[in-house]
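K.L.:
Structure for the following, please:
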Amino acid sequence: MIEATNLTKRYGDKLAVDDISFRVEPGKVTGFLGPNGAGKSTTMRMIVGLDRPTAGHVTVNGRPYAEHRSPLTQVGALLEAKAVHTGRSARNHLRALAATHGIPDARVTEVIEMTGLESVAKRRVGGFSLGMGQRLGIAAALLGDPRTLILDEPVNGLDPEGVLWVRTLVKYLASQGRTVFLSSHLMSEMALTADHLIVIGRGRIVAAGPVDEIVARGTRTSVKVVSPQATELAELLSGPEVTVTSDEPGTLVVHGATAPAVGEKAAATGIVLHELTPVQGSLEEAFLSLTQDTVEYHATMAHADAPSTGQEAAR
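P.N.:
Residues are numbered from 1 along each chain as shown. Predicted coordinates for the structure are as follows:
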């Protein structure tokens, strides 16, 4: 378990993390979302003692990370995949880490196989692609068979097979009762992977809860209706609390009414329906809605077909 209490971090005049409290429970995958510059990486760095909080505290498995006698067996972290000795081979990099905790060489071989690095294990990591570097970082995080995993953008640079592998892996680890805390910019992947979400913006938590609740809170459910009498039905449904729009002839999108209510009203007036489908908003829509006031850098359009190059905040 990860537990943060009134966690705060300042860098000079910059308030990177602003008095946040949260818990990451074992047995589920908890996603950590936020715009660039929101404080995600800073929070993760404080969890594993790489940054010292200005105020507040955070514990992992009941104690601060620095107080664990065997940290690799308690916490496996992927925070910066390039933080390796580029002249070492992948196997020797993992062996060096293992030696600090008395982890046997058999475990090094095991994580190499788990992460698909067998064919490149003897190559110097300085020549690795981004995706292979990510796999090595995940191998290092798994080396001590830890109770808690903290993964910052673990699918960055991975191909579709690699993304699916990470999804399957973290779900499996959570099913074993481990604590899994990960961030990602891929909303569609997070929607498939996470059970619980913590959303942060400008250093403060703006939402937390199960994925379905976050989506429901940040989006509006609509009803898609296809009917040869769409115009008549739109007039019938429209009202103070119900809005009806249409993107194509014969198709309506209804906000403010449930599918059963639309169906009953259509049946009562003899209107034929070819389709009646409730449409739930996406996690991406919810994320944009919840964080729209916390984005530090907004891109602007110079003209119709040439986006400007905006500065992106460091996380």
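
K.L.:
How about residue 118: what's its closest non-neighbour residue?
P.N.:
Spatial nearest neighbour of residue 118, chain neighbours left out: residue 112 (6.0 Å); criterion: CB to CB, 6 or more residues apart in numbering. Heads up, the C-betas are built off the backbone N, CA and C, glycines and all.

K.L.:
got it, and residue 262?
P.N.:
Nearest one to residue 262, counting by CB to CB, 6+ apart, is residue 223 at 5.4 Å.

K.L.:
cool, residue 104 as well?
P.N.:
residue 98 (7.4 Å).

K.L.:
longest helix anywhere in this structure?
P.N.:
Ranked by number of residues, the top helix in the chain under DSSP state H is helix 160-175.

K.L.:
If you count contacts, what does the following helix or strand past it end up packed against?
P.N.:
For helix 160-175, the following helix or strand on the C-terminal side (DSSP states H and E) is strand 179-183. Strand 179-183 sits against strand 29-33, helix 40-47, strand 148-152, helix 160-175, with contacts defined as 3 or more CB pairs under 8 Å, 6 or more residues apart in numbering; DSSP states H and E.

K.L.:
So which of the ones you listed is nearest residue 214?
P.N.:
strand 29-33 (8.7 Å; CB to CB).

K.L.:
how about the strands in the stretch 151-300 of the chain?
P.N.:
Counting by DSSP state E, counting those that start in this stretch, the stretch 151-300 of the chain has strands at residues 179-183, 196-201, 204-210, 222-226, 243-248, 251-255, 275-279.

K.L.:
most packed of the ones you listed?
P.N.:
Compared across the strands of the stretch 151-300 of the chain, strand 179-183 shows the largest average neighbour count, a mean of 25 (mean count of other CB atoms under 10 Å).

K.L.:
For the nearest residue to residue 85 once chain neighbours are set aside, which three-state class applies?
P.N.:
What sits nearest to residue 85 in space, not counting adjacent residues and going by CB to CB, 6+ apart, is residue 93, at 6.4 Å. Taken by DSSP: H, G, I helix; E, B strand; the rest coil, the conformation at residue 93 corresponds to helix.

K.L.:
Residue 93: how many residues sit nearby?
P.N.:
Using other CB atoms under 10 Å, residue 93 has 21 neighbouring residues.

K.L.:
Please list all residues in contact with it.
P.N.:
Listed by CB atoms under 8 Å, 6 or more residues apart in numbering, the contact set of residue 93 reads 84-85, 125, 136, 140.

K.L.:
Now, of the residues you listed, which are buried?
P.N.:
84, 125, 136, 140 (16 or more other CB atoms under 10 Å).

K.L.:
Does the nearest residue to the second one once chain neighbours are set aside fall in a helix, a strand, or a coil region?
P.N.:
The shortest distance from residue 125 to any residue that is not its chain neighbour, by CB to CB, 6+ apart, is 5.1 Å, and that residue is residue 84. Recorded secondary structure, residue 84: coil (three-state DSSP).

K.L.:
wait, residue 84 sits on residue 134?
P.N.:
No: using CB atoms under 8 Å, residue 84 is not in contact with residue 134; the gap is 11.5 Å.

K.L.:
Now for residue 279: which residues touch it?
P.N.:
Counting by CB under 8 Å, 6+ apart, residue 279 makes contact with 221-224, 253.

K.L.:
sorry, that was for residue 45
P.N.:
Residue 45 makes contacts with 51, 79, as judged by CB under 8 Å, 6+ apart.

K.L.:
what do you get if the cut-off is 10 Å, keeping everything else the same?
P.N.:
If a contact means CB atoms under 10 Å, 6 or more residues apart in numbering, then residue 45 has 9, 16-17, 51-52, 77, 79-80, 150, 152 as its contacts.

K.L.:
Lowest pLDDT pick from these?
P.N.:
Ranked by pLDDT, the contacts of residue 45 bottom out at residue 80, which has 79.

K.L.:
Can you give me the distance of that residue to residue 2?
P.N.:
Distance of residue 80 to residue 2, computed by CB to CB, to the nearest Å: 19 Å.

K.L.:
Between these two, point out the one with more neighbours.
P.N.:
residue 2 (23 against 14).
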